[in-house]
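Novice: Fold the following for me, if possible:
(one chain, ligands or ions: 1)
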Amino acid sequence: MATRATYLDWNANAPMRPEAVDATSAALRWCGNPSSVHAYGRRARQAIHEVREAVARLVNAEPEDVIFTSGGTEANNLALRAFPDRRVIVSAIEHESEFAAARDAARLAVNPDGVVALDTLERWLASDARPALVSVMFANNETGAIQPATEVGRIARQHGALFHCDAVQGPGKAQVDFQAIGADLMTISGHKIGGPMGTGALIARSTLPLQPLVRGGGQERNRRGGTENFPGIVGFGVAAGLAASEASAYRGIAKLRDEAERRLLDIAPDATIFARTAPRLPNTLNIAMPRVASATQVIALDLAGVMVSAGAACSSGKVTRSHVLDAMGVARETAECAIRISLGWSTSAADIDHLVEAWGALYARTRASAA
Ligand SMILES: Cc1ncc(COP(=O)(O)O)c(C=O)c1O
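Specialist: Residues are numbered from 1 along each chain as shown. Model prediction:
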């Protein structure tokens, strides 16, 4: 094991904020089902209500729009299955959970920078009058490319379609505004913003006739049954409050990311950086080192103490070629050499030095052995 550990996989999981750890630990000691009428129940219900307000504030929604879920995956499943009478259109770069939830969904192409094709969406909606649900993410988890969500919302509205926006990678890194985007549904996840894993929410306009995925118990105003994950929700609320004031701190992170990018390209002028000319999240960098497979890079960096990922984290731990890079039209041999580096609020200049040193050493080794 390397002596120094540098964590650069924040899009997969952000460390839990110490304040959120404290709040969750304290809540674990509380007794009381939030549905109970007695004092302990009321106390838990009130705490959940306060989190509902904090989460709503984070994305400029109404507290009654917030449906707590077990995370982004469940929220995406709920959103895409909530309107069985609507045909579903998803962008080709959505999180896998959406493709799995809506297997028949039409897939909207993206341009070579990984940004969704608005003209195609407009054409598809104009040429088919059936009610639709359109799902386009706020920002891509692999490349960081920010999508034109406000335009998608406007086009969807014009054609009477509902708009779901998976904003899991947005809050804290960029301003996410449910109302301004004109979304009807929005997904957020607790563990990407410093809350506990297994927490998240679907923001859904409270008047929408949404079909629940999990039934029974009447919780979340009949939209998601089951006793709430009370300690998790409490930690999620603390993280949401901190993330709301975070977007400006990310400007410093953009500087570090840009510096990393520049130094890696200095070492390897033949490397490719994806979505570089698109509006991007300030913390994300996706780069291909030619002729060195993603898995080889991830393992070599890990041995040197630098933790990154090959595209999206996937539960099997297997590295498969990225559907996002495929959708962007990246050549197979380039896509197979891509890694994702994602920074966060505690990333330092020394972490970037460590990354550059380890990646540079691997590049030099592979070039020496090829010579
Ligand atoms: C864009 C996006 N959507 C959804 C998810 C799933 O969220 P969760 O891990 O909370 O299930 C992720 C996780 O990586 C993601 O990046």
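
Novice: Get me the contact residues on the protein for the ligand.
Specialist: The chain comes close to the ligand at residues 71-73, 76, 95, 97, 137, 141, 166, 168-169, 189, 191, 200, as judged by CB under 6 Å from any ligand atom. All C-beta spots, glycine's among them, are computed from the backbone N, C-alpha and C.

Novice: In a markdown table, list the residues you listed along with distance to Val59, pLDDT and neighbour count.
Specialist: Output for those, formatted as a markdown table (distance: CB to CB, whole Å; pLDDT from 0 to 100; neighbours: other CB atoms under 10 Å):
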| residue | distance to Val59 | pLDDT | neighbour count |
| --- | --- | --- | --- |
| Gly71 | 16 | 98 | 25 |
| Gly72 | 13 | 98 | 25 |
| Thr73 | 18 | 98 | 19 |
| Asn76 | 16 | 98 | 31 |
| His95 | 18 | 98 | 25 |
| Ser97 | 19 | 98 | 20 |
| Met137 | 14 | 98 | 27 |
| Asn141 | 17 | 98 | 26 |
| Asp166 | 12 | 98 | 31 |
| Val168 | 11 | 98 | 27 |
| Gln169 | 13 | 98 | 29 |
| Ser189 | 12 | 98 | 29 |
| His191 | 16 | 98 | 24 |
| Gly200 | 12 | 98 | 29 |
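
Novice: Pick out whichever of the residues you listed sits closest to Cys337.
Specialist: Cys337 has its nearest neighbour among those in Asn141, at 18.9 Å by CB to CB.

Novice: so how far is Ala295 from the residue of the stretch 1-150 of the chain found nearest the ligand?
Specialist: Closest to the ligand within the stretch 1-150 of the chain is Gly72: 2.5 Å, counting by CB to the nearest ligand atom. Distance of Gly72 to Ala295, computed by CB to CB, to the nearest Å: 25 Å.

Novice: SS state for Met16?
Specialist: coil (DSSP: H, G, I helix; E, B strand; the rest coil).

Novice: surely it meets Gly232?
Specialist: No. Look at Met16 against Gly232 with CB atoms under 8 Å: they stay out of range, at 10.7 Å.

Novice: Touching both of these two, which residues are there?
Specialist: 24, 195-196 (CB atoms under 8 Å, 6 or more residues apart in numbering).

Novice: most surrounded residue in those?
Specialist: Gly195 (33 neighbours; other CB atoms under 10 Å).

Novice: my guess is it meets Pro231, correct?
Specialist: No. Applying CB under 8 Å, one finds Gly195 not in contact with Pro231, separated by 10.9 Å.

Novice: Check which residues of the helix ranked longest in the chain are buried.
Specialist: Among the segments of the chain that qualify as a helix by DSSP state H, the longest is helix 349-370. Across helix 349-370, burial judged by 16 or more other CB atoms under 10 Å covers 351-352, 354-356, 358-359, 362-363, 366.
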